[in-house]
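[1] Predicted model follows, preceded by the sequence.
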Amino acid sequence: MLIKLAIKSLQNRKSSILLSILAMTVSIFVLLGVEHIRHQAKESFSQSISGVDLIVGARTGSLNLLLYSVFKIGNPTNNISWQSFEKISNNNKVKWAVPISLGDSHKGYRVLGTSTSYFDYVSYGKQHSLTFEQGKPFNHIFDVVLGADVAKKLGYQLNDKLVLAHGIAKTSFALHDSTPFTVVGILKPTGTPIDHTLHVSLQGIEAMHVNWQKPRGVPKQGVLKALKNKLVVSKANHTHNMPVVDSLSSLQPKSITAIMVGLKSKISTFRLQREINHDKKEPLLAILPGVALSELWQMMTILENTLLLVSYLVLISACLGVSAMLLASIRERSREIELLRMIGASPVFLFLFVELEAILIAIISIVLGAGMLFCSLVFTKSYLAAHLGLHISANILTADSLYLIALVMIVTFIIATLPSISSSGVFKRA
Amino acid sequence: MDIKLTNVNFSYPEKPNKVIINIPSWSLNRSEHTFIYGPSGVGKSTLLGLLSGLLRAQQGDITIFGHQLAKMSNRQRDKFRANTIGYVFQTFNLIPYLDAFENIQLASYFADTTSSASLEQEITALLNNLNIPEADRKQPVSRLSIGQQQRIAIARALINKPKLLIADEPTSSLDKDNRDKFMKLLMSVVKDKDITLLFVSHDMSLAHYFNHVESIQDFNQVEDKISC
């Protein structure tokens, strides 16, 4: 009866209630939206790289290593030797090891030298492996695979030729223009720094540096020519199987920037990490990417909290709006309330009656707000993924948003006590 | 004696010095139909508020059908009011956005209700009895005429089979024709169901319907003159 009365009473005051619902809906949309996107961004960020158990680099800070190896921000402090790479990849706890080499760029985009196993093992998000929009992994020394953004922003197509530059500035005077690369593959968007990266083989990196600054009288000039059509072995850690001429061994990199390591068993992660960190031959640092990523995210807490604070304030103002509307309506409805008292309604009933109206408004708004958010996420999903590299799931019914919804109900209840008490007239009782 | 007041004193908390009700002794007999008249501002509505238990006297005893109102808890008084007292106001007797049926249901909801199956029958019987056309029963009462609304108000007041019916100027918003119809209907229903009726009005022309007529100023001894 109480519910029926509350519903009918709300229906009777459609226009003012509608405005309140609208205000509530917008605020719930904002609150849930901010919370959801915050979570998704955090998740997507902390999954910028996945499937990698350890990242090994020269000894530096863990954030620094993470920044340059995964996000390609800043510069590597030092390189690590090829011997260290071989040692780690031959460790029996290690399932796979992918070398990466940084330092060159193309029109402001970083170039990553690696082996083809990079495309097999490195993944992002919830274990999404890298997939090709067009083409295939690099096969030859002068092949390049483009990240989605690079291809899109610079307008490259398959088989286009491009020249890499030394250093990382957008305009470089040290172009490796004697060794143009051919685009053989373009990756699908991932929403990670991979989108902004050009991938070439380690041998490619070496090759373009071979005759660099030694333009004349370089004995390897002939080798390079020969190499252009030779197959580069895909797995760098099996270089001894390379079916190429002897002189190619000179293309074996002497040093690389970092190693991404996958383990046979996660349990051995910490042991191997300690082993690497205590390596006697070379000062190395191994980090757990997940841990380092969450450390990095900590720095964004202030921004995150500010956003959340703003959305909470929006919610509270909407709740106060509903409360004010109800309070005004109670003045208008004093006779109705008097009548209800006369036919036997207790103050508790009247209190609950007004509370229920507020709660109903909140429920309707939550349903509308969540529905609006869901629809807009569904419709903008592909746009966000393609243009901002944001992968946002449309599933908003997470534990956190349910917690928020419960919070909205509680806040509504608390704020509605004012008009409810005023309607129950407990203060007026003689 | 069904209703008995002894040494009842009341003033509103906002104006504690202005005594509105001061009744040394007053009573009503069972099944009596009493007409109380008096100009506005002499405490008629306050008296009804005291009788219904919505207001509490600062002093004195009010006994209704053997129950002392002062000894009941707030909750008990709300229940008691729902169960034993029917009330018809001058206006605003019904929740405007509910239909006749729902209004009556609501009133029975607050009382100790009978089962819902027989409740529907009872409501239908009551509405038939009071000549409410079927078509008018399922639309919000705010769309009905005042006369119609006042008749539904009687039905609403009677649904819990009250022993006491209090009517507070129920006819003053009706025209003469409707007023006579209303009075006839009310008196016949009250007689039929053997209900004690307390009818308050300033309109002396209604007095001939009643066997017991009193002026409130006769038993409410407020010393200083009340200005209105």
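    Nice, thanks for sending it over.

[2] Could I get the average pLDDT for the helix or strand hosting residue A:18?
    Secondary structure assignment for residue A:18, by DSSP states H and E: helix A:14-46. Mean pLDDT, computed over helix A:14-46, is 85.

[3] Tell me the strands beside the next helix or strand after it, with direction?
    Note on helix A:14-46: by DSSP H and E, the next helix or strand toward the C-terminus is strand A:54-58. Paired strands of strand A:54-58, with direction, are strand A:258-263 (antiparallel), strand A:284-287 (antiparallel) (DSSP bridges).

[4] what separates the last one from the chain centre, distance-wise?
    It refers to strand A:284-287. The chain centroid and the centroid of strand A:284-287 are separated by 23 Å, computed with Cα atoms, centre = their mean, to the nearest Å.

[5] For stretch B:66-78, buried residues please.
    Using 16 or more other Cβ atoms under 10 Å in any protein chain shown as the test for burial, stretch B:66-78 gives B:69, B:77, B:78. Where C-beta positions appear, they are placed from N, C-alpha and C, glycine not excepted.

[6] Need the per-residue pLDDT for residue 151.
    Just going to use chain A. Value for residue A:151, per-residue pLDDT: 89.

[7] please go with chain B instead
    With respect to pLDDT, residue B:151 has a value of 87.

[8] Secondary structure element for it, which one?
    With secondary structure defined by DSSP H and E, residue B:151 is part of helix B:146-158.

[9] hmm, that helix in reach of chain A?
    Yes - under the criterion of Cβ under 8 Å from any Cβ of the partner chain, chain A is reached by helix B:146-158 at residue B:156.

[10] helices or strands up against that helix?
    Helices and strands in packing contact with helix B:146-158 are listed as strand B:85-88, helix B:100-110, helix B:116-129, helix B:176-193; criterion 3 or more Cβ pairs under 8 Å, 6 or more residues apart in numbering or on different chains; DSSP states H and E.

[11] ok, residue A:414 - how many residues close by?
    Taking other Cβ atoms under 10 Å in any protein chain shown as the criterion, the count of residues near residue A:414 is 12.

[12] try residue B:61
    One way to gauge burial is a neighbour count; for residue B:61, by other Cβ under 10 Å, it gives 14.

[13] and if you look at residue B:154?
    24.

[14] So it is in contact with residue B:189, correct?
    Yes - taking contacts as Cβ atoms under 8 Å, residue B:154 lies within contact range of residue B:189: 6.4 Å.

[15] tell me, what's touching these two both at once?
    residue B:130 (Cβ atoms under 8 Å, 6 or more residues apart in numbering or on different chains).

[16] Where in the chain is the helix or strand with the lowest mean pLDDT?
    By default, I'm working from chain A. When each helix and strand of chain A is scored by mean pLDDT, DSSP states H and E, helix A:221-227 comes last, with a mean of 50.

[17] ah, no, chain B please
    Taking mean pLDDT, DSSP H and E as the measure, the helix or strand of chain B with the lowest value is helix B:116-129, at a mean of 82.

[18] What residues of the helix holding residue B:151 count as buried?
    Counting neighbours by 16+ other Cβ under 10 Å, helix B:146-158 gives B:147, B:148, B:149, B:150, B:151, B:152, B:153, B:154, B:155, B:156, B:157, B:158 as buried.

[19] Stretch A:347-364 now?
    A:347, A:349-364.

[20] what angle do the least confident helix or strand of chain B and helix B:146-158 make?
    With axes from the mean of the first three to the mean of the last three Cα atoms, to 10 degrees applied, the angle from helix B:116-129 to helix B:146-158 works out at 140 degrees.

[21] Who are the packing partners of helix B:116-129?
    For helix B:116-129, the packing partners by 3+ Cβ pairs under 8 Å, 6+ apart come out as helix B:100-110, helix B:146-158.
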